[in-house]
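Trainee: The following comprises the amino acid sequence and a computationally predicted model.
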Amino acid sequence: MAGKLIGIDLGTTNSCVCVLESGDPRVIPNREGSRTTPSTVAFTDKGDVLVGHIAKRQAVTNPQRTLFAIKRLIGQRFDAPRVQEAKNRLPFPVVGAPNGDAWVRVGERDYAPPELSAIVLRNLKQAAEAFLHEEVTDAVVTVPAYFDDAQRQATKDAGRIAGLNIERIVNEPTAAALAYGFNKPGVKQTLAIYDLGGGTFDFTLMEMNDGVFEVLATSGDTFLGGEDFDQAILLMLVKQFHEKTGTDLTGDRMALQRLKEASEKAKCELSTLDKVDIRLPFIAQGPSGPLHLEASLTRDELEQMVGDLVELTLIPIKDALEQARKTAKDVDEVILVGGQTRMPLVQKCVKDFFGREPNRTINPDEVVAAGAAIQGAVLKGDVKDLVLLDVMPLSLGIETQGGGFVKIIPRNSTIPLRDARVFTTVTDNQGRVEIHVLQGERELAEHNKSLGRFDLINLPPLPKGVPQIEVAFDIDSNGIVRVSAKDLMTGLEQGMSIRPSSGLSELEIQRMVREAEANIEADEKRRDELKYIASAEGLIFSCDKSFAECGKYLNEEQQLFIRETLGQARQAVSSRDKAALQACEADLLETQNLLTEAVLAASEAMMKAMDEEGGLPS
């Protein structure tokens, strides 16, 4: 690595870039002198590309070509429920790419979210080069702690498109903790980082001990942030205007953009004021002439509107505390991160939950970029007495016989790490096994996120249960996963890197952990059913084989009975019907007993024949 390594907070609403100089993190201003840059990209009719403040300023007159909140789409599937919800509120078209990802349409061209994020990153890179008077190629970029593998990889792809070599992906709350604990030798504290930004919410619990930062647990919501607070105000204004004038503004993209800007401004002003007036002249054209929007909003009214959103942040907090086996009283310091934490209601909620005033000594807009710069200095060797131990946000494992899910890497395991489990085959002479890699918290494979599949082939023909197949997970410091499967007898090995092109849907991310708790009894019951069916399937396979080889040693009535029983059992297994299997369980056991007698009869016949031929001594 040559030259300076910068730290970048690529935010949903605003981004920030920082560098470590003379031992201290320093925010790099953009070309307009601002310390943060709106994560907004615009395309003009003439083909110009605008970034930051200049893009945001022309949004009202160019709403369909002004793109914001792209971070909510990065690494996401188009059919994800929350993507569909976001699509309906955004003034620009969100479309499905051929591979199923969510892309953005501008005019006649479709853009991938990493491509649009790269435009913002490139702007930050250029600002850093102008400030440092040298070329910048290396960076540490932050992401929400609850970003999955697809979203992290998409972020790295954005950096590569922007001409940046992303040396490390760091979780945003973790970066904030690094900035808070930097140059505090000998301090030992349990930290709670409450990170409510423009588009995402993260909560991380970690221990800081004399330069060692160890994440204990993390949880979050990748579709909860300041944008949702703005939307609540916007919907209120649309409703009031419709009731007053009879005009519906939801189909007017230019009016919605003006309402969005007014809503964001009102929200920010109500952090210091008790009441604001909202005036938007010529917002629409009515039957008798221009219509103007005039409304007032008090802090109390705003807090009633968004109270449920603030309460939603407590769910990941309680989850992380439970995972870490900690309570609110165990926390020594609560750090607020993200511009939305300036809202008095948010601060009150945090204070009431933890029973202490949150720490307000750091700038919530800049602390994440500062932490990224510090981590970059650690990678370059400029900072030596600092160690970061981060975790995986969701469990990783594979599907097993009967549709179960075996966790090999539990959630909140410290990374980087490697772990492995040994599995075996389920049928005789099995020459191939499929490794289905999953991410999630449910007991059944079908309820978790599929990350990919690969085959281990050319296994030696051996009885079931004999082969020893080691499945190993390797996770690097960026949270990127590699899975391998190895036959311990032959040394045959196959693997894959988890580099998915789309991320977990919001429904999957949010419900994975909580649904695991709510559905634990149903999952266990269904898992037991599938295990019963899988056991019966193995018995049928064994009976089929014995019947084919030794059925001739049974009379016709017995043979007919076995054929009918096995036919009914195969039908029950095919339909995954446990009740139907149980109904023929007695007949299956009788079939097994008859076939055991047939195998013995075949063995006696073979021994008698060999004895008559002199093959064995009498």
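Mentor: Here it is on my side, so go on.

Trainee: Quick check, residue 191 in contact with residue 335.
Mentor: Yes - with contact taken as C-beta atoms under 8 Å, residue 191 and residue 335 are classed as touching, separated by 6.2 Å. (Glycine included, C-beta is placed from N, CA and C.)

Trainee: Look at these two and report which has more neighbours.
Mentor: A direct count of neighbours by other C-beta atoms under 10 Å for residue 191 and residue 335 places residue 335 higher, at 26 against 23.

Trainee: In terms of helices and strands, where is the more buried one?
Mentor: Taking DSSP states H and E as the criterion, residue 335 maps to strand 333-337.

Trainee: what comes up buried for the helix or strand just after that strand?
Mentor: For strand 333-337, the following helix or strand on the C-terminal side (DSSP H and E) is helix 344-354. For helix 344-354, a neighbour-count test (16 or more other C-beta atoms under 10 Å) marks 345-347, 349-350, 353-354 as buried.

Trainee: Tell me which other helices or strands helix 344-354 touches.
Mentor: Using 3 or more C-beta pairs under 8 Å, 6 or more residues apart in numbering; DSSP states H and E, the elements in contact with helix 344-354 are strand 188-196, helix 299-312, helix 314-324, strand 333-337.

Trainee: ok, and what's touching the second one?
Mentor: Think helix 299-312. Under the contact criterion C-beta atoms under 8 Å, 6 or more residues apart in numbering, helix 299-312 has outside partners 201, 221, 224, 228-229, 232-233, 236, 266-267, 270, 273-275, 343-346, 349.

Trainee: Averaged pLDDT, that helix. What do you get?
Mentor: When the per-residue pLDDT values of helix 299-312 are averaged, the result is 96.

Trainee: Could you do stretch 490-502 as well?
Mentor: Stretch 490-502 shows an average pLDDT of 67 in the prediction.

Trainee: same thing with stretch 262-282?
Mentor: Throughout stretch 262-282, pLDDT has a mean value of 95.

Trainee: Equivalent analysis for stretch 321-331, please.
Mentor: Over the span of stretch 321-331, the pLDDT mean works out to 94.

Trainee: do the same with stretch 373-388
Mentor: 85.

Trainee: going forward, begin numbering at 4 instead of 1
Mentor: Got it, first residue is 4 now, which makes that one stretch 376-391.

Trainee: Would you mark the buried spots in that stretch?
Mentor: If you call a residue buried by 16+ other C-beta under 10 Å, then stretch 376-391 has these buried ones: 376-381, 386, 389, 391.

Trainee: Same check on stretch 61-75?
Mentor: Under the neighbour-count rule (16+ other C-beta under 10 Å), stretch 61-75 has 62-63, 65-75 buried.

Trainee: Spatially central residue in the chain, please.
Mentor: Note on the chain: the residue nearest the mean C-alpha position is residue 151, at 2.9 Å, using C-alpha atoms, centre = their mean.

Trainee: Take the helices and strands packed on helix 347-357 and write them to JSON lines, including distance to residue 294.
Mentor: Output for the helices and strands packed on helix 347-357, formatted as JSON lines (distance: least, C-beta to C-beta, whole Å):
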{"stretch": "strand 191-199", "distance to residue 294": "35"}
{"stretch": "helix 302-315", "distance to residue 294": "23"}
{"stretch": "helix 317-327", "distance to residue 294": "41"}
{"stretch": "strand 336-340", "distance to residue 294": "40"}
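
Trainee: now for those, which one comes closest to residue 405?
Mentor: helix 317-327 (27.7 Å; C-beta to C-beta).

Trainee: Could you check the angle the closest one makes with strand 191-199?
Mentor: Taking axes from the mean of the first three to the mean of the last three C-alpha atoms, to 10 degrees, one finds helix 317-327 and strand 191-199 inclined to each other by 150 degrees.

Trainee: Can you say which of the helices and strands packed on helix 347-357 is nearest to residue 492?
Mentor: Of all the helices and strands packed on helix 347-357, the one in closest proximity to residue 492, counting by C-beta to C-beta, is helix 317-327 (38.1 Å).

Trainee: what's the angle between the closest one and helix 347-357?
Mentor: Angle between the axes of helix 317-327 and helix 347-357 is 30 degrees (criterion: the same axes, to 10 degrees).

Trainee: List the buried residues in helix 317-327.
Mentor: For helix 317-327, burial by neighbour count (16+ other C-beta under 10 Å) applies to 318-320, 322-324, 326-327.

Trainee: repeat for stretch 30-45
Mentor: Within stretch 30-45, judged by 16+ other C-beta under 10 Å, the buried ones are 30-31, 33, 38-45.

Trainee: Kindly report the same for stretch 297-307.
Mentor: Across stretch 297-307, burial judged by 16+ other C-beta under 10 Å covers 298, 300, 302, 305-306.

Trainee: Reformat these as a markdown table; add distance to residue 187.
Mentor: Written out in a markdown table, the entries for those read as follows (distance: C-beta to C-beta, whole Å):
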| residue | distance to residue 187 |
| --- | --- |
| 298 | 47 |
| 300 | 41 |
| 302 | 35 |
| 305 | 36 |
| 306 | 35 |
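
Trainee: Residue 598: which of those residues is nearest?
Mentor: Here the nearest of the buried residues of stretch 297-307 to residue 598, counting by C-beta to C-beta, is residue 306; it sits at 73.3 Å.

Trainee: Please report the distance of that closest one from residue 356.
Mentor: Taking C-beta to C-beta, to the nearest Å as the criterion, residue 306 is separated from residue 356 by 16 Å.

Trainee: Now find how far off-centre stretch 460-480 is within its chain.
Mentor: Relative to the centre of its chain, stretch 460-480 is centred 27 Å away, using C-alpha atoms, centre = their mean, to the nearest Å.
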